[in-house]
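1. Pasting the sequence and the predicted coordinates here, then a few questions.
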Amino acid sequence: MILHADADAFFASVEQRDDPRLRGRPMVVAHEVVACPSYEARGLGIHAGMPLGQVRRRWPQVLVTGYRPEAYEAASAGLFEVFRRFTPLVEPGSIEEAFLDVEGRDRGDPGGLARALRSACREEVGLPVSVGVGRTKLMAKLASRRAKPDGLVVVDAELEARVRPRLRLDELWGVGPTTWGRLHAEGLHVVADLQGWSEDDLKRIVSTAMARRLIAIADGTDDATIRLPRPRRSVSASRSLPATRTRSKVVAVLDECVGRALHRVVALEGPARLPSRLEVLVRYDDGTHVQQRGRLPHPSVDPEVVGAGAAALLEQTAYEWDGRGVTMVGVTLPLPASAPVDLRST
């Protein structure tokens, strides 16, 4: 069986864990836009990406905290330490979620093991974690969605047989608006509607990979394989902001992102794999992206070296003269496959 463990309102839960004054109250983690609202804030209608000014005007009682990347990374490390104690077969999904293969370790009671996992995360890391249990990754992830907040849902074989045919295609993991629109136009709304369709039939309207996946879901043979993480290929940091072309604001966000990305490189890789390249991404208020890539003078985690390189790439986006407002800035530091050899020392 597969478990999908997902910490609830992760950033907000870390802040509520660390500051008792925030517990049980509507609060958000935000800079100029909301990064993560607590469940109390979500109940008011607040969502990620909402401008902070709008939140303050409409809900003056909502508490606001800044973004603390070191605290979230430490909490993530604690969660994954708990996950790997239950099984070595852990596939990270993001900083706060993962799939766990517990086959042979659950003593025939995956629900009981999931309860023990949730309890350990609460007691040792201080965070609520919702868990879904299913035969495949899809069913486990759908179950964890139903379990939120701070709950557990087990989809056994009998329940899966009833639920799977009725699953809405637009709720399936990986089915985006474009794919859903094409499926909907063909009269395909739920998994049961795929009966009688072949992979070749579906390839006329969706990609080959999606056609293959949809057929597997209809047949109940979808992915249940845990893929262990490979060495990290890159480290990224980004931040959303209200639409602006103001140079000082955009540069300040970029500097913050560079600092966060470098902190992650040092924390995760140490001196072993230093970046020699970097990418800067700008998103505009019409949803389009502009990306610039470049090289550093030498492999480095020196903030001045990386910051100067990022600033030069930001200038190349010409955002100040574009006419559109900038709504997100990000930086990515690709990492070498292995540590570079310093030939001067040989």
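-> Perfect, thanks for sending it. Residues are numbered from 1 along each chain as shown.

2. Where do the helices of the stretch 51-200 of the chain begin and end?
-> Assignment of helices within the stretch 51-200 of the chain using DSSP state H, counting those that start in this stretch yields the ranges 52-58, 69-86, 110-120, 137-147, 157-163, 177-185, 199-203.

3. Quick one: closest of the ones you listed to Lys249.
-> For those, the distance to Lys249 is smallest for helix 52-58, at 13.2 Å, taking Cβ to Cβ. (C-beta placed from N, C-alpha, C; glycine too.)

4. And that closest one, what does it pack against?
-> For helix 52-58, the packing partners by 3 or more Cβ pairs under 8 Å, 6 or more residues apart in numbering; DSSP states H and E come out as strand 27-30, strand 63-65.

5. how about CSV for these, with mean neighbour count, mean pLDDT and distance to Ala209 added?
-> Formatted as CSV, the entries for these read as follows, by neighbours: other Cβ atoms under 10 Å; pLDDT from 0 to 100; distance: least, Cβ to Cβ, whole Å:
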stretch, mean neighbour count, mean pLDDT, distance to Ala209
strand 27-30, 26, 95, 35
strand 63-65, 17, 96, 40
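
6. Now render those strands as TSV, adding distance to Gly134.
-> TSV is the format used below for the helices and strands packed on helix 52-58 (distance: least, Cβ to Cβ, whole Å):
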stretch	distance to Gly134
strand 27-30	30
strand 63-65	35
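
7. closest one to Pro229 among those?
-> When those are compared by Cβ to Cβ, strand 27-30 sits nearest Pro229, at 25.7 Å.

8. neighbouring strands for that closest one, and are they parallel or not?
-> Pairing partners of strand 27-30, with direction, according to DSSP bridges: strand 34-37 (antiparallel), strand 63-65 (parallel).

9. So for Leu313, which of the ones you listed sits nearest?
-> Closest among the strands paired with strand 27-30, using Cβ to Cβ: strand 34-37, at 23.8 Å.

10. quick one on the thing from earlier: point out the most buried one among the helices of the stretch 51-200 of the chain.
-> Among those, helix 137-147 has the highest mean neighbour count (mean count of other Cβ atoms under 10 Å), at a mean of 22.

11. relative to helix 110-120, how tilted is that helix?
-> Calculated by axes from the mean of the first three to the mean of the last three Cα atoms, to 10 degrees, helix 137-147 forms an angle of 60 degrees with helix 110-120.

12. so how far is helix 137-147 off the chain centroid?
-> Its chain's C-alpha centre lies 16 Å from the corresponding centre of helix 137-147 when counted by Cα atoms, centre = their mean, to the nearest Å.

13. Name the nearest residue to Asp322, ignoring sequence neighbours.
-> By the measure of Cβ to Cβ, 6 or more residues apart in numbering, the closest residue to Asp322 outside its immediate chain neighbours is Tyr284, 7.0 Å from it.

14. ok, the one you found - contacts?
-> Applying Cβ atoms under 8 Å, 6 or more residues apart in numbering, one finds that Tyr284 lies in contact with Ala243, Val290, Tyr319, Asp322, Arg324, Gly325, Val326, Thr327.
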